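J.: sequence plus predicted model, see below.
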Amino acid sequence: MTNQEVSSLNRKGASKWGTLTGRSARVAVALLPLLVFMGIFFFAPLTAVIWDSFQSNDGLFTLQNYADVFKEPIATAMRTSLGLALASAVVSAIPGAVLAFLIESRGSDRLRQLISSVAGVLANTGGVPLAFMFVAALGAAGSATGLFKLLGLDIYTAGFSLYTFWGLVLVYSYFQIPLMVIVFSPAIHGLRREWNEAAKTLGATGSQFWRHIGVPLLFPSFTSAFLLLFASAFSAYATARAMTNGTIALLPLMIGNLLDGNVIFDEVNLAKALAVAMVVVTLLAMVPYLIIQRRAERWQR
Amino acid sequence: MNLKRVVAVAAASAVVLGATVAISTPSQAAVNYCKVTDLKTAGGMDALVKAAKKEGALNVITLPRDWANYGEAMDLFSKAFGIKITDDNPDGSSAYEIQTIKTAPAAKQPDVVDIGVSALNGVIGAGQDKLFADYKVANFASIPSKWKDASGAWYGDYNGIIGISYDASVSPAPTKIADLTNPAYKGLVALTGDPTAGQEPFMSVYAASVANGGSVDNIQPGLDFFKKIKASGNFTSVKATGENYVAGAYKIALTWNFNAPGAIASAKAAGKNLKFVIPSDAVLAGTPYIQAINAKAPHCAAARLWEEFIYSANKGKFTADLKPADLKLSGSKLFNTIMGGQNVFVSGGATPILQDLLTKKKTLIDGPDGLNLPKGVKIQQPSPDQQVTGKALVAAQWPTL
C-alpha cells in the first residue's frame, strides 16, 4: 500500500466519521417531529391501552380481561374476524394482482397514471358512505338488484344477501382490489423486460419464464401485499357496523360497542384487551410481511 | 404592589363586600351561577334570564334535531333568550357525552347532557357522580322520586314507547309485533342499531319479548323472535336510518314513538309515505333519559335556565308564534310566554316526566296524531336492574344470532 493510499484511506475514515455524526445529528433533528408525533399519537395511547387492559373496574391488576377474550361470544368474533380478513384478502388479492399485471404490462403511460389515481381514491373509500353505496345498489331494493330483476334474475330469491359474511367480503373488495393494484404494481414494474428477453434468448418458453423467474420473483411482493389486505379487512369497522347491526360477530364492532355504546358501560377495559388482541394479530401478520418485503427489495434495487 | 398595600386593599374590599351583603337583596349581589342550586339562590327568574343572556351561549351535546323534537326546543330557547346553542356531535352516544366531560378542554365542555340510564349507572357505579352539578329545577318536587337524585345532580326528562314505523306501501299494514313474521315482509324488517350498543334497538328486543310471551323480566323470547325472523329472511341487518329507508333497504322498523314525527316529516320531504303504529301486543316504555348539568359547565347561568325551560310545565308559544313584542318582555314574563320544554317533548311524541303535573295544571298539549296508545293495554317498563340482566343475555347471544 502506498503512502498516498494510506493517507487517502485515513482521510476517508476520518471524514466518514465526521460526516456520520453530522449526518446522524441532522437526521435526528429531521426525525424529531415524527418521533414526537408518533410518541403522542401512537406509543402513548398504545401504552395506556395495554395498561388499562390489565386493570379491573376497581383499578386492580387482573388477567380476567384476557381470559374473557377466549370466551364466547368474543371467541366467535375472533374466528369470524380472522375468517373475514382471510376471505377478503384471498378474494381481492388475485384479481387485484391480475389487474396490476395487465395495466403494467399492456397499458399506456396515461392509462397507468389514470388507474393509479383512480385506485388511490377507491382504496380510501370506506365507512358508512361505502356501506350506503352498496345498500343503494345491491340491497333488497337496490338499483342493481332491480336491473337484475328486469333481466329475469331475482338475486335475493336466488339466495344472495348483502348483509352476510360474503356480502361483506364483496363490499370490502371495493377498496381491497384497488389497494392491491397500488401495492402490487411497483413489483411488476420492477420486473425488468431484459430478464424476459434474456430468458427467451436462452430458449425459454413463456410459461418456463413465468414458472422459473416471474412467479418466484413476484411471490414475496404478492405475499406481502396479501398480508396488507388481510390487516386492512381485519380492522375495517364502520362499513360492517352500518351493514350488520352486530349480527355478524366481529372484533372491531365489539370494541366499538363496549367503548361507545349506550347499553354496556362497565366493560371498557375488556374492550382494551380486545384491542390489544387485535394489535397482536396484526403484528403477527406484519412480521412475515416485513421479512418478505426485505427479501423482495433485494432484487428491486 | 407591596405587602402593605395588598393588605390594605384586601381589608378595604372585605369591608365593601360585607357592606354589600348586608344591604343588598340576593338579586343584586354578585351571584356565582356555577354554585347556584335552585331558582331562589339564582335570585329569581328575571335575574337568571339576565345572567344567561349575558353569557349568550349554551353548549349542548348529542341532541339530534329529530329526536323528541329537540330541534324545536333548541330553536325556541335560542330565539326567546337570544342564546346561541352549539350542539356537539348530534348523533353521538351517551358514552361520548361522558367521555367529553372527562376529557374535553374547558371551552368545549358541554353545559348540559341528556344521557341514557345505563350511562348514568356507569357514572354512579364508578363513583363519578361529581361530574354533575346539583341544581333543583322549580318543578323538582313533581319529578317522581325514582327518577331523580335527592340533591338534584340528575333527573329524568322524558321517555318513549316502542312502535312500528312502516312504509305505506307495505301490505298488509302491520298492527302488532307478531305480524313481523308475515312472509310478505321478507327482507323488510330492520332495527335502528345493534341492541348491544343502542337503547332504542335494545328496548325493541324487550318489546318483541313482551309480544311473544316474555316479560320485562325475561328478554329471551325477544332474542328468539329475532332469531326466527332472521332465519326466515324477514329481518335485515341493515341499520334503520332515514337514508337507508329512502334507498328502500328496509320498509319496517321498530323505533321510539318520539322519533316518528321527525322521521315522517323527513320521509315526506323525500317523497315517501311513512306511517307509525303502537303495536297492540306490546306497549313497551323505555326508562326516561336523564338530564344533568355538567359540573364544569362553561355557561353556568344558561345551563340552569335551560333546565328550567326543559322542566317548565307551561303551555305557550312555539318558535314560529313568537312575536318581536314577546321578546321585549321581562325575563320571567318571557319564560311564561314560551312553550315549556315538557310540552315540546309532547309535541315530538315523547312522554314527559311531568305528565301528571301537566295534566293537573291542564297545560298538557295534544301530541302528534297516530302516536296514541291502544286502549286497555298494560304499559311495561324494564327497570334499570332488569336491564342489567337483559343486556347480559343480548350481549351473549346477539353476535351469533
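T.: Noted; the coordinates are in hand.
J.: any idea of the mean pLDDT for stretch B:252-263?
T.: Mean per-residue pLDDT for stretch B:252-263: 91.
J.: now do the same end-to-end measure for that stretch.
T.: Using C-alpha to C-alpha, to the nearest Å, one end of stretch B:252-263 lies 13 Å from the other.
J.: off-centre distance for it?
T.: Relative to its chain's centre, stretch B:252-263 lies at 15 Å (C-alpha atoms, centre = their mean, to the nearest Å).
J.: element containing B:Leu371, please.
T.: Assigned by DSSP states H and E, B:Leu371 belongs to no helix or strand.
J.: how many neighbours does it have?
T.: 21 (other C-beta atoms under 10 Å in any protein chain shown). Where C-beta positions appear, they are placed from N, C-alpha and C, glycine not excepted.
J.: what does the stretch 51-200 of chain A put close to chain B?
T.: A:57, A:72-73, A:76-77, A:132, A:135-136, A:139-142, A:156, A:161-163 (C-beta under 8 Å from any C-beta of the partner chain).
J.: what about the helices in the stretch 1-150 of chain B?
T.: B:3-23, B:44-55, B:70-81, B:94-103, B:117-125 (DSSP state H, counting those that start in this stretch).
J.: how about the contacts made by the nearest residue to A:Leu179 once chain neighbours are set aside?
T.: Excluding its sequence neighbours, the residue lying closest to A:Leu179 (C-beta to C-beta, 6 or more residues apart in numbering or on different chains) is A:Ala123, at 4.2 Å. By C-beta atoms under 8 Å, 6 or more residues apart in numbering or on different chains, A:Ala123 lies in contact with A:Phe175, A:Pro178, A:Leu179, A:Ile182.
J.: just the pLDDT for the residue nearest to the spatial centre of chain A.
T.: Chain A has A:Leu228 as the residue nearest its centroid, 2.8 Å off, counting by C-alpha atoms, centre = their mean. With respect to pLDDT, A:Leu228 scores 89.
J.: which residue, other than its chain neighbours, is closest to it?
T.: A:Val183 (5.9 Å).
J.: which of the residues of the stretch 51-200 of chain A next to chain B fall in helices?
T.: Judged by DSSP state H, these include A:Thr76, A:Ala77, A:Phe132, A:Val135, A:Ala136 as members of helices.
J.: tally up the residues packed near the fourth one, please.
T.: Yep, that's A:Val135 we're talking about. 27.
J.: am I right that it is in contact with B:Ala247?
T.: Yes. A:Val135 is within contact range of B:Ala247, at 5.7 Å (criterion: C-beta atoms under 8 Å).
J.: what touches both of the two?
T.: A:Gly142.
J.: related to what we said a few turns ago, and the residue nearest to the centre of chain A, how far is that from A:Ala123?
T.: Separation of A:Leu228 from A:Ala123 (C-beta to C-beta, to the nearest Å): 11 Å.
J.: between the two, what contacts are shared?
T.: Common neighbours of A:Leu228 and A:Ala123 (C-beta under 8 Å, 6+ apart) are A:Leu179.
J.: so who does the spatially closest residue to A:Tyr172 that is not a sequence neighbour touch?
T.: Residue nearest to A:Tyr172 in three dimensions, not counting chain neighbours: A:Ser88, with 4.5 Å by C-beta to C-beta, 6+ apart. Residues in contact with A:Ser88, defined by C-beta under 8 Å, 6+ apart, are A:Leu168, A:Val169, A:Tyr172, A:Ser173, A:Gln176, A:Leu229, A:Phe230, A:Ala233.
J.: I'd say the fourth one and A:Ser92 touch.
T.: Yes. Contact criterion C-beta under 8 Å: A:Ser173 and A:Ser92 qualify, at 4.8 Å.
J.: between these two, which has more neighbouring residues?
T.: Comparing A:Ser173 with A:Ser92 by other C-beta under 10 Å, the one with more neighbours is A:Ser92, at 27 against 19.
J.: what packs against whichever strand or helix holds A:Thr47?
T.: If you go by DSSP H and E, A:Thr47 is part of helix A:44-53. On a contact count with 3 or more C-beta pairs under 8 Å, 6 or more residues apart in numbering or on different chains; DSSP states H and E, helix A:44-53 meets helix A:268-300.
J.: what's the spacing between the helix it packs on and its chain's center?
T.: 10 Å.
J.: residues touching the closest residue to B:Trp147 other than its chain neighbours, list them.
T.: Spatially, and ignoring its direct neighbours in sequence, B:Trp147 is nearest to B:Gly156 (3.4 Å; C-beta to C-beta, 6+ apart). The neighbourhood of B:Gly156, defined by C-beta under 8 Å, 6+ apart, consists of B:Ile143, B:Pro144, B:Trp147, B:Lys148, B:Thr287, B:Pro288, B:Tyr289, B:Ile290, B:Gln291, B:Ile353.
J.: okay, buried residues for stretch A:258-268 please.
T.: Residues A:Leu258, A:Leu259, A:Asp260, A:Gly261, A:Asn262, A:Val263, A:Ile264, A:Phe265, A:Glu267, A:Val268 are the ones in stretch A:258-268 that count as buried (16 or more other C-beta atoms under 10 Å in any protein chain shown).
J.: what's the answer for stretch A:117-129, then?
T.: A:Ala119, A:Leu122, A:Ala123, A:Gly126.
J.: now the end-to-end length of that stretch.
T.: End-to-end distance (C-alpha to C-alpha), stretch A:117-129: 20 Å.
J.: and that stretch, average pLDDT?
T.: What stretch A:117-129 shows for mean pLDDT is 88.
J.: confidence score at B:Asp114?
T.: 94.
J.: how much space between it and B:Gly341?
T.: Taking C-beta to C-beta, one finds B:Asp114 at 11 Å from B:Gly341.
J.: between those two, what contacts are shared?
T.: Common neighbours of B:Asp114 and B:Gly341 (C-beta under 8 Å, 6+ apart) are B:Asp157.
J.: more neighbours: which of those two?
T.: Using other C-beta under 10 Å as the criterion, B:Asp114 and B:Gly341 rank with B:Gly341 on top: 29 against 21.
J.: touching, the more buried one and B:Tyr311? I think so.
T.: Yes. The pair B:Gly341 / B:Tyr311 is scored as a contact, 6.4 Å apart, by C-beta under 8 Å.
J.: so what sits against both of these two?
T.: B:Asp157.
J.: give me the element the nearest residue to A:Arg295 once chain neighbours are set aside is part of.
T.: Spatial nearest neighbour of A:Arg295, chain neighbours left out: A:Pro220 (4.8 Å); criterion: C-beta to C-beta, 6+ apart. Assigned by DSSP H and E, A:Pro220 belongs to helix A:215-235.
J.: buried ones in that helix?
T.: Within helix A:215-235, judged by 16+ other C-beta under 10 Å, the buried ones are A:217-218, A:220-234.
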